[in-house]
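Colleague: When you get a sec, could you give me coordinates for this:
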Amino acid sequence: RVIEYWVSPEWREHRHELSAAVHAVESRFDHPVARALKNFLEPETGMVSMPVSGLRMVPGKGVEAKTGCGDLSIGAAALCPGVSLETYSAVLPEREGKRIFVFIDGNLSAILILSENMRPGLKQLFSDLALLGVDCCVLTGDPEPQVALPEGLPMQCGCSAAEKKSIVRIAAEKGALPAS
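Modeller: Residues are numbered from 1 along each chain as shown. Coordinates of the predicted model:
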């Protein structure tokens, strides 16, 4: 869930349009981050409709598209490596959470901060699996997840969907998965 939404001074007067652009792009994806942004921004759009074209995923970084606001990039700071973010991080009172950066035409336009929580019961599930001798590993596309895992549970970050599939396939070939 979004716990903070900062909009740059240049976009404050056009907050509804900015929100509508991000909402329009993220509405096209079924990803936990996309859902969180879409749900949070829905009331922020001011019922503004925003055209979207040229939509593309940037693995491990975010998404890019052309919108009525300009060329939009949403995700990791690495989407616009030339932008200095230290100044902006200082103005955000929230220190915890995953930062989602919004760039329009290469300029930082907004930052959304997400609170990442494990699903209820997941820690107990991992504990139960460990007691049964089942080795587990968390595979995530997020290059810098901000979630606390149970002690000793390994995590591989920045995995593409293809890499996750390959890791599971290799584990199955080694007999790491029960036969179905």
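
Colleague: CA only for contacts and neighbour counts going forward, please
Modeller: Will do.

Colleague: tell me the centre residue of this structure?
Modeller: The centroid of the chain falls nearest to Val33 when counting by C-alpha atoms, centre = their mean (4.1 Å).

Colleague: host element of it?
Modeller: helix 32-41 (DSSP states H and E).

Colleague: Would you mind writing the CA trace of the helix or strand hosting Arg99 as PDB?
Modeller: Following DSSP H and E, one finds Arg99 within strand 98-104. The C-alpha trace of strand 98-104 is given here as PDB (Å, rounded to 0.1, in the frame of the first residue of the first chain):
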ATOM      1  CA  LYS A  98      10.000   1.000  -1.200                       C
ATOM      2  CA  ARG A  99      10.400   4.200  -3.300                       C
ATOM      3  CA  ILE A 100       8.700   4.300  -6.700                       C
ATOM      4  CA  PHE A 101      10.000   7.200  -8.800                       C
ATOM      5  CA  VAL A 102       7.900   8.900 -11.500                       C
ATOM      6  CA  PHE A 103       9.800  10.600 -14.300                       C
ATOM      7  CA  ILE A 104       8.200  12.700 -17.000                       C
END
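
Colleague: partners of that strand in the sheet?
Modeller: Taking DSSP bridges as the criterion, strand 98-104 sits next to strand 70-75 (antiparallel), strand 107-114 (antiparallel) in its sheet.

Colleague: Of all those, which one is nearest Leu41?
Modeller: strand 107-114 (10.2 Å; C-alpha to C-alpha).

Colleague: And the contacts of the helix or strand following the closest one?
Modeller: Per DSSP H and E, the first helix or strand lying C-terminal to strand 107-114 is helix 122-131. If you take C-alpha atoms under 8 Å, 6 or more residues apart in numbering as the criterion, helix 122-131 is touched by Asp135, Cys136, Leu149, Pro150.

Colleague: can you pull out the helices in this structure?
Modeller: In the chain, the segments counted as helices under DSSP state H are 15-26, 32-41, 86-91, 122-131, 161-173.
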